[in-house]
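Trainee: A predicted structure for the sequence below; I have some questions about it.
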Amino acid sequence: MTATPPAARTGSCTCQQGCAQEECCALDCLVRPRFFSGQLLTDSDLGQLVTWTSDKLRLGRYRYGWGVVCGLEVRCDPANPSGVIVGPGYGVSCCGEDIVVCEDAKLDLSGACSQPGDPCADPGAPVPTTAPSAASAAGAKGFPPWPAEPVIVDVTVAYATAQTDPTTPLAPSTCGQRNGCEFGRVRETSVVSYAPGVAGTDPVKAAAERWLDGYNQCTDVLRQFRDTFTSYSANGEEIRRWLQGWISKHRLTSFCFLADELATMNARVLADERELVKILFYLVQDCRNSYLTCACFACGTGTGVPLARVLLRPSPNGGSGCSVFEIDAYPPYRQPLHQQCWPALPGTVNGARVIWHRWEDACTTLAGLGVALNHREEFTFPNTLAGLADLLRRSPFLRCGERATPQVISGLLGHRVVGFWNAPNDDLTRISGIGRGRAEQLRSRGIRSYQDFAASPNDLLREVFPATLRDDALAAMQKQAREFGNE
């Protein structure tokens, strides 16, 4: 599954090479050697200088990211129908190593198409042939003739080293051992390899979904609070103890005032749902502010730089051979050099990079990313925890081609961005029973489209519509909103 690197050992000596593999951790503090007059220099001192230099250069991955910098083109191999060629180029691994491919590297993919034999099969039985499926028959009529079930592999390039230039030491080691020979150089090289791919997988989407899961976990405090307390009218002291217990287990990052406020707040105030909305909002926002810090990523050993996804056409008679059908050397199967902080779903921009930034700075940043914005709106706290939960479910991913409406909250530090509405501003007055006044009230609660209205819970709609309106009437209005949304 890997291409054989160029020969690394030269000379007449035969040396035993160790198998230990360096692990790439997250972020290590650097220690550099210090030289002084009269010092006895050893191989350990000189080796530490090389290590410090290498670790220092690797820090560039946090400034610029990792991936393909230039070259590393993946193309068909004219001499091998089941192989590809990775051209010369330069990339940076996840661990920050410089990967340089100096000349064409050939990679044979035929092993991806071999099927394990049946140990119980009759060796004298004829090899069965498979009839072409309907899909392949249909493809054969057009151009190109798509394979019915292609074999998928993902090609990567990784950093590697090889010890070279063996020589005989002139003196024994510091331990008194005299080795037969030692390598005098370390050649930095590369290894191209492949691994089975899964149809329909999108590594960019998967990374964005993992990031969004972590972002949404900050609302756990709201979910657990609502699961614990079904009524807030007479539980002020119990609520105080619960919130203080949560803060003791989850360190505050930004809003240090919350601990003091909870300790001195009147118990009757804590039993007011409208005040609880504010407290829990700041607890969620404090968690998000910590999560949105661009952390130093880590990666394990053997992490290669994705170069391409290759589709192989299996042998038509069920044999072990195959041929390269198509090479997709574009994102998400190829990773250009970029930072890891703000993954986004395909077709979106991650707007979370500006959450809790000053509005003036956020506006400039988003404009540089090509995000079209409506005029900002002042964030208003809902009256219920159910309404707060609905607001906090809003995705920070801003869809391409749609204008986003930033929500800002005012405080001692100026106007801070807390989220976005990224939904069409439908004419809600088309729904029976909604006039201009109620349409504005709905928009202030984040209900801006027919789809929003149809999906809103009754307790949120009750903040706008009188309690005298029957539930079946609200259901009829939501049904009408769904019909408008499907037009």
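Mentor: Noted; the coordinates are in hand. Residues are numbered from 1 along each chain as shown.
Trainee: Show me the contact partners of the lengthiest helix in the chain.
Mentor: What stands out as the longest helix in the chain, according to DSSP state H, is helix 273-291. With contacts defined as Cβ atoms under 8 Å, 6 or more residues apart in numbering, helix 273-291 is touched by 214-215, 218-219, 221-222, 225, 232, 239, 243, 246-247, 250, 252-255, 258, 261-262, 265, 269-270, 352, 355-356, 381-385, 387-388, 392, 418. C-beta here means a position set from N, CA and C on the backbone, and glycine is covered the same way.
Trainee: Repeat that for stretch 99-117.
Mentor: Stretch 99-117 is contacted from outside by 1-3, 71-72, 77, 80, 82-93, 151, 153, 155, 157-159, 188, 190, 192-194, 196, 305, 310, 312, 314-315, 320-322, 324, using Cβ under 8 Å, 6+ apart.
Trainee: can I see the domain layout of this protein?
Mentor: What the record gives for the chain is the domain set 1-33+41-109+140-206+282-338, 207-281, 348-485, from automatic domain parsing.
Trainee: Need the ones you listed in TSV (columns: mean neighbour count and mean pLDDT).
Mentor: Below are the domains of the chain laid out as TSV (neighbours: other Cβ atoms under 10 Å; pLDDT from 0 to 100):
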stretch	mean neighbour count	mean pLDDT
domain 1-33+41-109+140-206+282-338	15	81
domain 207-281	14	90
domain 348-485	16	84
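Trainee: thinking again about what came up before, so of the contacts of helix 273-291, which ones are in helices?
Mentor: Taking DSSP H as the definition of helices, those contribute 214-215, 221-222, 225, 239, 243, 246-247, 258, 261-262, 269-270, 385, 387-388, 392.
Trainee: show me what contacts Arg445?
Mentor: Remark: with contacts taken as Cβ under 8 Å, 6+ apart, Arg445 is in contact with Thr380, Pro382, Gly387, Asp390, Leu391, Leu460, Glu463, Val464.
Trainee: Show me where the stretch 101-250 of the chain has its helices.
Mentor: Along the stretch 101-250 of the chain, counting by DSSP state H, counting those that start in this stretch, helices occupy 134-141, 203-216, 220-228, 236-249.
Trainee: Return the list of helices and strands in contact with the second one.
Mentor: The one in question is helix 203-216. Here helix 203-216 touches helix 273-291, strand 348-350, going by 3 or more Cβ pairs under 8 Å, 6 or more residues apart in numbering; DSSP states H and E.
Trainee: do you know which of those lies nearest Glu402?
Mentor: Closest approach to Glu402 among the helices and strands packed on helix 203-216 (Cβ to Cβ): strand 348-350, 9.7 Å.
Trainee: what are the pairing partners of the closest one, and which direction each?
Mentor: Applying DSSP bridges to the sheet, strand 348-350 is found paired with strand 397-399 (antiparallel).
Trainee: Could you identify the helix or strand that succeeds the partner strand?
Mentor: Downstream of strand 397-399, the first helix or strand assigned by DSSP states H and E is strand 405-411.
Trainee: So which residues make contact with that next one?
Mentor: In contact with strand 405-411 (Cβ under 8 Å, 6+ apart) are residues 359, 362-363, 366, 373-379, 415-422, 448.
Trainee: Give me the angle between it and helix 273-291.
Mentor: Orientation of strand 405-411 against helix 273-291 (axes from the mean of the first three to the mean of the last three Cα atoms, to 10 degrees) gives an angle of 110 degrees.
Trainee: who's in contact with Tyr30?
Mentor: Not Tyr; residue 30 is Leu. Contacts of Leu30 were listed using Cβ under 8 Å, 6+ apart, and they are Trp52, Asp55, Lys56.
Trainee: Could I get the phi/psi values of the first one?
Mentor: It stands for Trp52. phi -60, psi -40 (degrees, to the nearest 10).
Trainee: Distance-wise, check it relative to Ala160.
Mentor: 21 Å (Cβ to Cβ, to the nearest Å).
Trainee: and what of the second one?
Mentor: Asp55 sits 18 Å away from Ala160, going by Cβ to Cβ.
Trainee: Same question for the last one.
Mentor: Summarising the geometry, the distance separating Lys56 from Ala160, computed by Cβ to Cβ, is 21 Å.
Trainee: among the helices of the stretch 101-250 of the chain, which is nearest Ala476?
Mentor: helix 220-228 (28.4 Å).
Trainee: Which strands or helices does the closest one pack on?
Mentor: On a contact count with 3+ Cβ pairs under 8 Å, 6+ apart, helix 220-228 meets helix 236-249, helix 273-291, helix 385-392.
Trainee: so Leu59 touches Gly96, yeah?
Mentor: Yes. Counting by Cβ atoms under 8 Å, Leu59 touches Gly96, with 6.8 Å between them.
Trainee: Rebuild the helices and strands packed on helix 220-228 as a markdown table, extending it with distance to Ala455.
Mentor: Output for these, formatted as a markdown table (distance: least, Cβ to Cβ, whole Å):
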| stretch | distance to Ala455 |
| --- | --- |
| helix 236-249 | 29 |
| helix 273-291 | 21 |
| helix 385-392 | 9 |
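Trainee: looking at those, which is closest to Ala481?
Mentor: Ala481 lies closest to helix 385-392 among those, at 15.6 Å (Cβ to Cβ).
Trainee: List the contacts of that closest one.
Mentor: Here helix 385-392 makes contact (Cβ under 8 Å, 6+ apart) with 219, 222-223, 225-226, 273, 276-277, 280-281, 284, 381-382, 419, 445-446, 456-457, 459-460, 463.
Trainee: what do you get if the cut-off is 6 Å, keeping everything else the same?
Mentor: Contacts to helix 385-392, defined as Cβ atoms under 6 Å, 6 or more residues apart in numbering, come from residues Thr219, Leu222, Arg226, Val277, Val284, Pro382, Gly446, Asp459, Leu460.
Trainee: List the backbone torsions phi and psi for Gly91.
Mentor: Here is the backbone geometry of Gly91 (degrees, to the nearest 10): phi -140, psi 170.
Trainee: check contacts around it.
Mentor: For Gly91, the contact set (Cβ under 6 Å, 6+ apart) comprises Val68, Val69, Leu72, Ile99, Val305.
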